[in-house]
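S.K.: Provided below for reference: sequence and predicted model.
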Amino acid sequence: MNDKKLKKDKSVKAHDAVAHLSTSHHGRSASSAPVAQSGLSPLMRTVIGWVLPVLGLVAIAVALLAYDSDFLFRVQELNLFLYTPLFFEQQMVVSGGFLTWLGTYFTQYFYHPWLGVALLSLWWMLLMWFTKRAFRLPAYASALLLVPVVMLLITVVDMGYWIFYLKLRGHVFAATIGTTVAVGLVWLYRVLSGRFQMRNLFMLLSTVVAYPLLGYYGLMATGLMALLAWRMGNGLRDQLLSKVVATIVAVVAIIFVPLVCYRYVYCQTPESGIYTTALPIYTFYGEHNSYYLPFELLTLVLALFALAYGSWRKTVRRSYVVLGNIAVLAILVVGAWMGWYKDNNFRRELIMTHAVEDLDWDKVLQTYQTLGENEEPTRMMWMLKNLALFRQGTAGDNMYHYKNGSAAPDAPFQVRLSQTGAKLIYYHYGKLNFCYRWCLEDGVEYGWCVDYLKYMLKCSILNGEMKVAKKYIDLLKATKYYKDYAEHYEPYLTNRSLPRRGS
């Protein structure tokens with residue numbers, strides 16, 4: 001009798017042990033199970049686990065501010081966010097419109113570049129947290145958390161002259177927010193119970209909700225869930241069957257949800273682009289597919305994280321950890337440097353444009369004089385230099401003391417001065433109709449922005465079109481940082497003598 005009881009107790013303990021191991025591999029209790037990492041002290045695990053990614057994020061933020069502050073300021077000038085219900089409704093007419101609305105909202109904070117970079121870094125921090133939780137990356141591999149961040153960084157810093165031609169609003173923040181929410185959805189999928197097909201139901205529901213709001217990134221989240229299903233259980237006794245069911249649910253959702261939205265919800269999305277909404281379109285006198293590479297690598301890296309779920313080694317030598325993280329960081333630094341747009345003339349144009357708007361003519365000329373011995377100015381730099389001399393009244397005396405030239409902009413397409421600087425130049429030379437015309441045409445073609453509204457406001461006042469000017473004043477008063485600018489020009493509507501004193 002005692003022998004039978006002893007055998008029964010051993011059988012129960014063995015069954016409990018097997019169940020515990022199965023749960024640790026497939027279920028939520030794995031996140032709380034202790035992971036032995038031999039050779040790593042608690043301090044070392046903390047340093048590699050979070051201090052290293054945070055320091056990498058700080059380095060990225062410092063590099064952005066040191067190298068691209070004028071670029072980020074110009075990005076927000078070419079952005080527009082209005083605190084009105086109509087503006088929100090206008091963004092929601094296409095799938096991914098909510099992501100565009102959020103992107104334009106956060107982009108306006110680049111008015112203070114440090115503030116915009118801080119907000120972008122906070123989003124990247126949240127993305128790293130979700131990535132670590134969703135895919136259970138071990139502490140010794142935390143340098144990998146920076147890989148998606150660097151891919152997203154490259155989508156920002158590789159644009160160059162594209163900032164004048166991209167039609168996707170809020171693109172600087174859109175990719176980061178979309179990726180962060182997508183990985184957050186994957187994390188929710190992982191922690192859900194596999195009983196009653198809850199994960200499959202969540203996958204379907206998240207696609208139905210996320211695609212209209214996030215576009216491509218909602219579909220990416222569904223694909224990552226399907227991949228993760230192959231690495232974990234899904235609530236059915238037959239694990240192979242559960243994986244196949246999850247894959248079928250994901251494929252059906254990815255294919256048919258965009259089609260249904262295209263047929264019955266949205267009317268401004270071309271059928272060829274229903275699976276890539278909320279991604280920038282790099283088409284301008286031809287396809288420029290190389291600019292999609294960071295987005296493709298971002299998706300691939302997250303897919304590899306999903307496929308590697310549950311397969312990380314628990315014990316790793318300290319030397320391997322150190323060398324591995326150093327190798328990852330080195331690759332990321334080289335990749336970021338190679339992807340960073342490094343045209344000095346482009347940056348000089350941005351600095352000179354900002355100086356012209358501040359009427360700082362000395363800074364315009366000082367920036368022009370930073371040209372190296374073997375460097376040639378672009379046509380726009382040359383014209384801004386002449387404008388500064390003209391406004392100072394010294395063009396006749398000093399024009400030929402400066403290097404001349406007409407270097408082509410460093411871009412894979414033909415950059416036209418009408419989009420990059422003609423509005424500003426026409427305005428300061430008194431060609432108000434030309435300035436207004438190009439603001440109007442580019443606003444229709446590439447989207448309205450603060451920069452265009454400012455010049456259209458001033459041109460309308462100087463042309464005596466006060467009712468038109470009031471419309472632009474009302475629009476600028478609905479922004480965050482240009483309300484004072486609009487209020488400054490509001491008295492001009494009733495006092496006709498003010499424009500004669502200068503604007």
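M.R.: Perfect, I can see it now.

S.K.: got any ranges where the stretch 351-500 of the chain has weak pLDDT?
M.R.: 496-500 (pLDDT under 70).

S.K.: mind listing the helices for it?
M.R.: Counting by DSSP state H, counting those that start in this stretch, one finds helices in the stretch 351-500 of the chain at the ranges 361-368, 379-392, 395-398, 417-420, 422-428, 432-446, 450-462, 466-477, 483-489.

S.K.: likewise for the stretch 201-350 of the chain?
M.R.: Using DSSP H, counting those that start in this stretch, helices in the stretch 201-350 of the chain cover 216-229, 239-264, 293-307, 318-339, 344-357.

S.K.: buried set for the last one?
M.R.: Within helix 344-357, the residues that qualify as buried are 345-356, counting by 16 or more other CB atoms under 10 Å. Heads up, the C-betas are built off the backbone N, CA and C, glycines and all.

S.K.: so how far is that helix from its chain's centroid?
M.R.: With CA atoms, centre = their mean, to the nearest Å as the basis, helix 344-357 stands 23 Å off its chain's centre.

S.K.: returning to that earlier point: tabulate the buried residues of helix 344-357 (JSON lines), appending distance to Trp101.
M.R.: As requested, those are arranged in JSON lines below (distance: CB to CB, whole Å):
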{"residue": "Asn345", "distance to Trp101": "34"}
{"residue": "Phe346", "distance to Trp101": "29"}
{"residue": "Arg347", "distance to Trp101": "30"}
{"residue": "Arg348", "distance to Trp101": "33"}
{"residue": "Glu349", "distance to Trp101": "30"}
{"residue": "Leu350", "distance to Trp101": "26"}
{"residue": "Ile351", "distance to Trp101": "31"}
{"residue": "Met352", "distance to Trp101": "32"}
{"residue": "Thr353", "distance to Trp101": "27"}
{"residue": "His354", "distance to Trp101": "27"}
{"residue": "Ala355", "distance to Trp101": "32"}
{"residue": "Val356", "distance to Trp101": "31"}
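
S.K.: about what we covered before: deepest of the helices of the stretch 201-350 of the chain, which one?
M.R.: helix 216-229 (a mean of 25; mean count of other CB atoms under 10 Å).

S.K.: which strands or helices does that helix pack on?
M.R.: helix 171-191, helix 198-214, helix 239-264, helix 293-307 (3 or more CB pairs under 8 Å, 6 or more residues apart in numbering; DSSP states H and E).

S.K.: so which of those gets nearest Thr370?
M.R.: helix 171-191 (26.4 Å; CB to CB).

S.K.: just the mean pLDDT for that closest one, thanks.
M.R.: Across helix 171-191, the average pLDDT comes to 96.

S.K.: just want the angle from that helix to helix 198-214.
M.R.: Going by axes from the mean of the first three to the mean of the last three CA atoms, to 10 degrees, helix 171-191 is angled at 170 degrees with respect to helix 198-214.

S.K.: what packs against helix 171-191?
M.R.: Using 3+ CB pairs under 8 Å, 6+ apart: helix 171-191 touches helix 97-107, helix 113-135, helix 146-157, helix 198-214, helix 216-229, helix 293-307.

S.K.: so what touches the first one?
M.R.: When you say that, I think you mean helix 97-107. 75-76, 79-81, 87-88, 91-92, 94, 116, 119-120, 123, 168-174, 177-178, 212-215, 217, 278 (CB atoms under 8 Å, 6 or more residues apart in numbering).
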